[in-house]
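>>> Quick one: sequence plus predicted model below, questions after.
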Protein chains: 2
Amino acid sequence: MSSGNVKHELFAQFARIGKVLSNANRLEFIEYLAQGERSVESLAQISGQSIANTSQHLQQLRQAGLVTTRKDGQRVYYRLSGDDVVLLLNSLRAVAERHLTEVNHLVSLYLDTKDNLEPVMADDLLARVRSGEVTVLDVRPREEFAAGHLPGAINIPLNELETHLGEFSPDQVVVAYCRGPYCVLSYDAVARLRQHGIKANRLKDGYPEWKIAGLPVETAL
Amino acid sequence: MSSGNVKHELFAQFARIGKVLSNANRLEFIEYLAQGERSVESLAQISGQSIANTSQHLQQLRQAGLVTTRKDGQRVYYRLSGDDVVLLLNSLRAVAERHLTEVNHLVSLYLDTKDNLEPVMADDLLARVRSGEVTVLDVRPREEFAAGHLPGAINIPLNELETHLGEFSPDQVVVAYCRGPYCVLSYDAVARLRQHGIKANRLKDGYPEWKIAGLPVETAL
DNA sequence: TTTGTATTCAATTGATCTATTGAATAATCT
DNA sequence: AGATTATTCAATAGATCAATTGAATACAAA
């Protein structure tokens, strides 16, 4: 094999990974899978895609080596093949954030409101959690919370937050988190909590980043 | 704007970056640009692509924010817009590598030969360079060497290596490097040097990684 | 075995991407 | 000014991709 061919073949292989990252739906699947493993049906439901479509995207992810499968009974469960996939997605985000003004525009338009711009850092939070200063709020769906969450966190899925607002007191300091640095759930949660006079902030990153950093996590039995 | 729309729009922006990484030629351009800025013509020449094609790919890279341009006279020079682009490419490589070794043995066989080449780590090399133990060999084209190289390195482009073999003594220890962790130039160089009885090893990463790590570099006047 | 469920496969349509070609623009040189 | 060079634009054909639909497979429960 000539050197030129090897080089081209290598870049072609790298490009295959890039191709798999070139579709918004697939990136969304990756973010869901970063929370924990999921069945095809479950992914189809949460993403709003058809089953067949979901299956095809997942197979592309598998062929590129980003996910692996496990069969249990009649279900097929997909999961990320390694932490490096989360790191890759975050690297993609970092470049997008820095260079695509549209991203910053979107974020600032809908999400940031400047006050929110003081996200809590992970190691900072850990100390405050241990001293009981703050309430950690996980606004992801129950399924994802069960698969793993921050120690001591309480789980109120975003769409149920309104009915639980009475349970917070104005003295409490709440730190909300969800799936990742750009996950919209925690932005919404912080906004609603503040509307009701509750001191709330966002954790800068989400559960996958916390876990990859080697910080302690809890899982439901 | 609804929360779902924002989310989808954000992923669509991230996917734009992915799309730009989905073509082998563009990845190759990124690797060339990681060595230093280059004109369109120069990139077309080294990549073997047509000028028009090169220009179009570069514009896609620019629209995605991965590169910026500088006009000097009648030439347009392209350069990477930041170190995070190199980190992104390396993150892509890392994921691909894990999968490649499982799937594509042809490529991994040619490159790996891990037992033979056992690459030298960057910080390891720095100490040995300073004590004069090793000769550092840069096998990239002169153009890229001039744009920046490891301190004290000598430049012999790979295709000229044969004619300079006599200048190495069997006592010398040579560490060769080129454009990055998967750059084939240094693999070939080490193989040829060893064929002639010269002790040679590969630097694990290439010049861009060295530079990003904050290690010292030299540039030609 | 029959029935039902979860997932995958196959075929289709419309859209997008790549590479090529030749012309258009812009800056430099004579 | 006219000619030359470097780069970009525009139009094209062939290839690939996304989403839809309906059928096929594999497993489990009745």
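Right, received. Where do you want to start?
>>> Could you list the low-confidence segments of chain A?
A:1-4, A:100-117, A:221 (pLDDT under 70).
>>> ranges for the helices of it?
Secondary structure of chain A (DSSP state H): helices located at A:3-20, A:24-35, A:40-47, A:51-63, A:83-99, A:101-106, A:122-130, A:142-147, A:184-195, A:207-212.
>>> Next, see if the longest one gets close to chain B.
Yes: with C-beta under 8 Å from any C-beta of the partner chain as the threshold, helix A:3-20 lies in contact with chain B, specifically through A:3, A:6-20. C-beta coordinates here come from the backbone N, C-alpha and C atoms, glycine included.
>>> cool, and stretch A:187-205?
Yes: shown here: stretch A:187-205 in contact with chain B (C-beta under 8 Å from any C-beta) through residue A:188.
>>> List the buried residues in that stretch.
Judged by neighbour count using 16 or more other C-beta atoms under 10 Å in any protein chain shown, the buried positions of stretch A:187-205 are A:187-194, A:198-205.
>>> Give me the distance between the residue nearest the centre of chain A and DNA strand D.
Geometric centre of chain A, nearest residue: residue A:179, 2.4 Å, by C-alpha atoms, centre = their mean. As judged by C-beta to the nearest atom of the strand, to the nearest Å, residue A:179 and DNA strand D stand 20 Å apart.
>>> who's in contact with that residue?
By C-beta atoms under 8 Å, 6 or more residues apart in numbering or on different chains, the contact list for residue A:179 reads A:31, A:32, A:34, A:35, A:140, A:144, A:185, A:206, A:207, A:208.
>>> can you check residue A:53 too?
Contacts for residue A:53 (C-beta under 8 Å, 6+ apart) come out as A:25, A:44.
>>> Any figure for the gap between it and DNA strand C?
Taken as C-beta to the nearest atom of the strand, the span from residue A:53 to DNA strand C is 8 Å.
>>> same check, this time on residue A:210
According to C-beta to the nearest atom of the strand, residue A:210 and DNA strand C sit 27 Å apart.
>>> right, and that residue touches residue A:218 too?
No: judged on C-beta atoms under 8 Å, residue A:210 makes no contact with residue A:218 at a distance of 11.2 Å.
>>> quick one on the thing from earlier: next, count neighbours for the nearest residue to the residue nearest to the centre of chain A once chain neighbours are set aside.
Leaving aside its sequence neighbours, residue A:179 sits nearest to residue A:206 (C-beta to C-beta, 6 or more residues apart in numbering or on different chains; 4.7 Å). Neighbour count for residue A:206, taken as other C-beta atoms under 10 Å in any protein chain shown: 25.
>>> What are the neighbouring residues in contact with residue A:206?
Here residue A:206 is in contact with A:177, A:178, A:179, A:180, A:181, A:183, A:186 (C-beta under 8 Å, 6+ apart).
>>> still on that earlier bit, neighbour count winner among residue A:210 and residue A:218?
A count of neighbours by other C-beta under 10 Å puts residue A:210 above the other of residue A:210 and residue A:218, at 21 against 11.
>>> re earlier: identify the contacts common to residue A:210 and residue A:218.
What both residue A:210 and residue A:218 touch, as defined by C-beta under 8 Å, 6+ apart, is the set residue A:150.
>>> returning to that earlier point: which of the contacts of residue A:179 lies closest to residue B:60?
residue A:31 (24.9 Å; C-beta to C-beta).
>>> Would you mind confirming that the closest one makes contact with residue A:180?
Yes: Residue A:31 is within contact range of residue A:180, at 6.0 Å (criterion: C-beta under 8 Å).
>>> Now do the shared contacts for the two.
In contact with both residue A:31 and residue A:180: residue A:89, using C-beta under 8 Å, 6+ apart.
>>> More neighbours: which of the two?
The residue with more neighbours, out of residue A:31 and residue A:180, is residue A:31; 23 against 20, by other C-beta under 10 Å.
>>> Next up, the contacts around that one.
Counting by C-beta under 8 Å, 6+ apart, residue A:31 has contacts A:89, A:179, A:180, A:183, B:11.
>>> Just name the closest of these to residue A:73, please.
Using C-beta to C-beta, the contacts of residue A:31 come closest to residue A:73 at residue A:179, 27.1 Å.
>>> Looking at the contacts of residue A:206, which are in strands?
In strands, judged by DSSP state E, the following of those are found: residue A:177.
>>> which among the contacts of residue A:206 end up buried?
Here, 16+ other C-beta under 10 Å leaves A:177, A:178, A:179, A:180, A:181, A:183, A:186 buried among the contacts of residue A:206.
>>> and DNA strand C, which of those residues reach it?
The subset of the buried ones among the contacts of residue A:206 lying close to DNA strand C, counting by C-beta under 7 Å from any atom of the strand, is empty.
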